[in-house]
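Chemist: My questions are about this predicted structure, shown below with the sequence.
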There are 2 protein chains.
Amino acid sequence: MGLAKTEMFTDQQNEIALFAKVFGHPARVAILQQLFKIDGCYCGDLVNEIGLAQPTISQHLKELKQLGLIKGNVEGTSVCYCINRENWIKMKQVMLQFLDQDISENDCC
Amino acid sequence: MGLAKTEMFTDQQNEIALFAKVFGHPARVAILQQLFKIDGCYCGDLVNEIGLAQPTISQHLKELKQLGLIKGNVEGTSVCYCINRENWIKMKQVMLQFLDQDISENDCC
DNA sequence: TTATTTAATTGCAATATTACGATTAATATT
DNA sequence: AATATTAATCGTAATATTGCAATTAAATAA
C-alpha cells in the first residue's frame, strides 16, 4: 500500500516519524546544515551549493517549510531561507526524548 | 527517479539520512520503544502489541537489524529481539551532532 | 513596456516503500 | 513420523518519493 497506518500509533510516535522522515534524505540534511552554516541562503545559493536541479531543491525546501523547520523570506525575486529556531528547538526535544531512552545494563540477547 | 543521489553528499550526510529514514515510520518507532520498555521481545509479542501483520513486522525488524540497531536471538522456534546498545549509542552521537548544531541568535528572516 | 531574474508549480518517468496473503523453513511437540 | 508453532521469505498491489524538463508566476531592470 505504500501508506503508513498512522491511526494505529500514538501522536508522539507519528510526530517522531514525521520529523525523522524529513531528515531521511541527504539533500534535506545538506540544506539544513548549509542554513546553519550560512544563516540566510537564497534558493539559488542552495542549488549551486548542493548540485541538484532547482525544482528538486525547491521541492525539498517546501517539505522542510511544511514541517516548520525553516522559514522563507521573499526579497524581490529571491527568497531567503533560514532555520526556524523556535521550532527547531521543539523538534529537538521530541527527537531527544526518543533517542535518549534509558538503556538498562542487562543485555537480553 | 525515486532514488537519492547519494554520491553528491558527504558520508556523514548519508549516514544521518539512513538513520533518520529508519525512524521515519511509526511502526519502527513503536517497535524500538517497546524493545526499550520490555527489553527482549519475541517477534510474536511485537505483532500482538503493534497490530500489523506478522510479515509486516518481520520486514520492519529486518530493516532495524540491517542498520544494526537491534539484535535477534533465536530461541527454538522463536526469535527474541532487543536493542543493540553499543550501536544505539553510536547512532545517537551521529544524530545529536546533527540536531545540536549551534543556533546563533541573529535571525535573518 | 519589454526583457530579465528568481523561484514555484506542473507533469511525468523511474524507483522505493508499505502491507499482507501465501508459502516456506526451522524447530519443538506428540 | 506427523503435527504444531514461530518467524522469514516471496509475490504483488497500492501508494509515495525522487528528480528534472518545461512552464508559470512574480518582481525587478532596461
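Modeler: Arrived safely.
Chemist: would you list every one of the strands in chain A?
Modeler: A:41-42, A:70-75, A:78-83 (DSSP state E).
Chemist: Alpha carbons of the lengthiest helix in chain A, in PDB - could you do that?
Modeler: As assigned by DSSP state H, the longest helix anywhere in chain A is helix A:85-99. The C-alpha coordinates for helix A:85-99 follow below in PDB (Å, rounded to 0.1, in the frame of the first residue of the first chain):
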ATOM      1  CA  ARG A  85      14.900  28.400  15.600                       C
ATOM      2  CA  GLU A  86      11.900  28.100  17.800                       C
ATOM      3  CA  ASN A  87      10.500  25.100  16.000                       C
ATOM      4  CA  TRP A  88      13.900  23.500  15.700                       C
ATOM      5  CA  ILE A  89      14.300  23.500  19.500                       C
ATOM      6  CA  LYS A  90      10.800  22.000  19.800                       C
ATOM      7  CA  MET A  91      11.600  19.300  17.300                       C
ATOM      8  CA  LYS A  92      14.900  18.600  19.100                       C
ATOM      9  CA  GLN A  93      13.100  18.000  22.300                       C
ATOM     10  CA  VAL A  94      10.800  15.500  20.700                       C
ATOM     11  CA  MET A  95      13.700  13.600  19.000                       C
ATOM     12  CA  LEU A  96      15.900  13.700  22.100                       C
ATOM     13  CA  GLN A  97      13.100  12.100  24.200                       C
ATOM     14  CA  PHE A  98      13.100   9.300  21.700                       C
ATOM     15  CA  LEU A  99      16.900   8.900  21.200                       C
END
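Chemist: which secondary structure elements does it contact?
Modeler: Packing partners of helix A:85-99 (3 or more CB pairs under 8 Å, 6 or more residues apart in numbering or on different chains; DSSP states H and E): helix A:11-22, helix B:26-38, helix B:85-99. For every residue, glycine as well, the C-beta is placed using N, CA and C.
Chemist: again, only this time at 7 Å
Modeler: Secondary-structure packing of helix A:85-99 (3 or more CB pairs under 7 Å, 6 or more residues apart in numbering or on different chains; DSSP states H and E): helix A:11-22, helix B:85-99.
Chemist: Now do the buried residues in the longest one.
Modeler: Going back to what we said before, that points to helix B:85-99. In terms of neighbour count (16 or more other CB atoms under 10 Å in any protein chain shown), helix B:85-99 has its buried residues at B:88, B:91-92, B:95, B:98-99.
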